[in-house]
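1. what follows is a predicted structure for the sequence shown.
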Amino acid sequence: MIVYDIDALTDKIEGSALTIGNFDGVHVGHQQLIQQVKKRAKRMGLSSIVVTFDPHPLRVLVGTKTPPFITLTQHKLELIQETGVDFILCMTFNKAIASMEPEDFVYQLLVQKLKLRELIVGYDYVFGKNRRGNFHLLQQLGQKYDFSVDQFMPVMVDEAIVSSTRIRDLVESGRVWEVRPLLGRFYSAEGRVTTGRRRGGSLLGFPTANILLQEELFPSTGVYAVWAEIAGRVHAAVANIGYNPTFGNDYLSVEVHIFDFHQDVYNRNIKVYFVQRLRSEKKFAGIEELKAQITQDCNLARDILKMPQAKLC
């Protein structure tokens, strides 16, 4: 259950095992941490709770000069909900929360309102005014207020720590295939289909859905083999992210050509799962050369998406 008001949650629980953090991307490290919270809660007869924030604290603390986030808030909450945790508390992060002393944050919110008994935090978790709260302080507060504290060690994949920063760097460089073992799924982005330049079908013979970009992380420009999900159904597709240099566009666009698909999807939402980058964006001498390249792209994307390791689950 997703809850936005901490006071509404207080009456629903008698004691809690919880974790707290931003959980951008809900990667495999986050997932394993949440599973530990669930196990601890079940063993102790407590409610399992994940506490997170909206907007992301960085947006409040430093403004718009933040890197793009891996998951928008609603997608993040949906992914956390899929873990099966009892409650997700999505707290509004504001200047008042940011200025709370860590001792007050723990006592007033976690102990008094969430009836904290068991706390598990990530290895790098800090909180409170001036980021003064840390694992050592939590241990001291646990002794004072009678709750236990554990620190969850980092999860390693390919001999490197799984982190939101690592995932973001891979996505932004177009290395989407390498992201799957870190997220436990292919990286995805969602947007609404809007009116494009209407060149894909009439001029090139490859109709495309033009996706309106949201304030979300997108891979680097280029052509990708993707899955496109519309109204719960998944279709094989190819996507182009870029400026269409052959036509001299001056704005970034995301165009998705769905194979063997003839429905009108204008103004509908599409979720795109990025499987493999096929090539970089390039300028072609003319339309015929571009059409030939698109045909090659589609054939290669079809072959990739038939591979067992390219399936969504």
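-> Okay, I see it.
2. scan the helices and strands of the protein for the one with the lowest mean pLDDT.
-> Here the helix or strand of the chain ranked lowest by mean pLDDT, DSSP states H and E is helix 57-62, holding a mean of 77.
3. and it, what does it pack against?
-> Judged by 3 or more CB pairs under 8 Å, 6 or more residues apart in numbering; DSSP states H and E, helix 57-62 is in contact with helix 95-98. All C-beta spots, glycine's among them, are computed from the backbone N, C-alpha and C.
4. what comes up buried for the helix or strand just after the least confident helix or strand of the chain?
-> Using DSSP states H and E, the helix or strand that follows helix 57-62 in sequence is helix 73-81. In terms of neighbour count (16 or more other CB atoms under 10 Å), helix 73-81 has its buried residues at H75, K76, L77, L79, I80.
5. can you put these in a markdown table and add distance to H136 and pLDDT?
-> Formatted as a markdown table, the buried residues of helix 73-81 follow (distance: CB to CB, whole Å; pLDDT from 0 to 100):
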| residue | distance to H136 | pLDDT |
| --- | --- | --- |
| H75 | 33 | 92 |
| K76 | 28 | 95 |
| L77 | 30 | 97 |
| L79 | 30 | 97 |
| I80 | 27 | 98 |
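6. for this structure, which residue is closest to the average position?
-> Geometric centre of the chain, nearest residue: T71, 2.7 Å, by CA atoms, centre = their mean.
7. count of neighbours near the spatially closest residue to that residue that is not a sequence neighbour?
-> Nearest non-adjacent residue to T71, counting by CB to CB, 6 or more residues apart in numbering: G25, 5.6 Å away. Applying other CB atoms under 10 Å, we find 27 residues neighbouring G25.
8. cool, the one 4 residues further on as well?
-> The burial count assigned to G29 is 24, neighbours taken as other CB under 10 Å.
9. do the one 3 residues further on as well
-> Here the neighbour count serves as a burial measure; for Q32 (other CB under 10 Å) it reads 15.
10. next, the buried residues of the host helix or strand of it.
-> Here Q32 sits within helix 28-44, counting by DSSP H and E. Using 16+ other CB under 10 Å as the test for burial, helix 28-44 gives V28, G29, H30, Q31, L33, I34, Q36, V37, K38, R40, A41.
11. counting by contacts, list what the longest helix along the chain packs against.
-> Determined from DSSP state H, the single longest helix within the chain is helix 287-305. Helix 287-305 is packed against strand 222-230, strand 233-242, strand 269-279, with contacts defined by 3+ CB pairs under 8 Å, 6+ apart.
12. what pairs with the second one, and is each one parallel or antiparallel?
-> Strands flanking strand 233-242 in the sheet, each with its direction: strand 222-230 (antiparallel), strand 253-258 (antiparallel) (DSSP bridges).
13. what does the last one give?
-> For strand 269-279, the paired strands and their directions (DSSP bridges) are strand 187-194 (antiparallel), strand 222-230 (antiparallel).
14. neighbouring contacts of the helix or strand just after the shortest one?
-> Which is strand 187-194. Remark: after strand 187-194, the chain's next helix or strand is strand 209-212, criterion DSSP H and E. With contacts defined as CB atoms under 8 Å, 6 or more residues apart in numbering, strand 209-212 is touched by 191-196, 228, 253-258, 265, 270, 272.
15. G122 contacts F152, doesn't it?
-> Yes. Applying CB atoms under 8 Å, one finds G122 in contact with F152, separated by 5.6 Å.
16. so, low pLDDT: which residues of the chain?
-> Applying pLDDT under 70 to the chain picks out residues 63-65, 196-205, 213-215, 244-252, 285, 313.
17. can I see the domain layout of it?
-> Following automatic domain parsing, one gets these domains for the chain: 2-157, 182-310.
18. of all the helices and strands packed on helix 287-305, which one is nearest T19?
-> The closest of these to T19 is strand 269-279. By CB to CB, the value is 26.7 Å.
19. report the angle between the closest one and helix 287-305.
-> 100 degrees (axes from the mean of the first three to the mean of the last three CA atoms, to 10 degrees).
20. what comes up buried for strand 269-279?
-> I270, K271, V272, Y273, F274, V275, Q276, R277, L278.
21. ditto for stretch 159-168
-> Neighbour-count burial for stretch 159-168 [16+ other CB under 10 Å]: V162, S163, S164, R166, I167, R168.
22. about what we covered before: the helix holding Q32: what's the following helix or strand?
-> Past helix 28-44, the next helix or strand by DSSP H and E is strand 47-54.
23. could you pull out the buried residues of stretch 123-141?
-> With burial defined by 16+ other CB under 10 Å, the residues of stretch 123-141 counted as buried are Y125, F127, G128, G133, N134, F135, L137, L138, L141.
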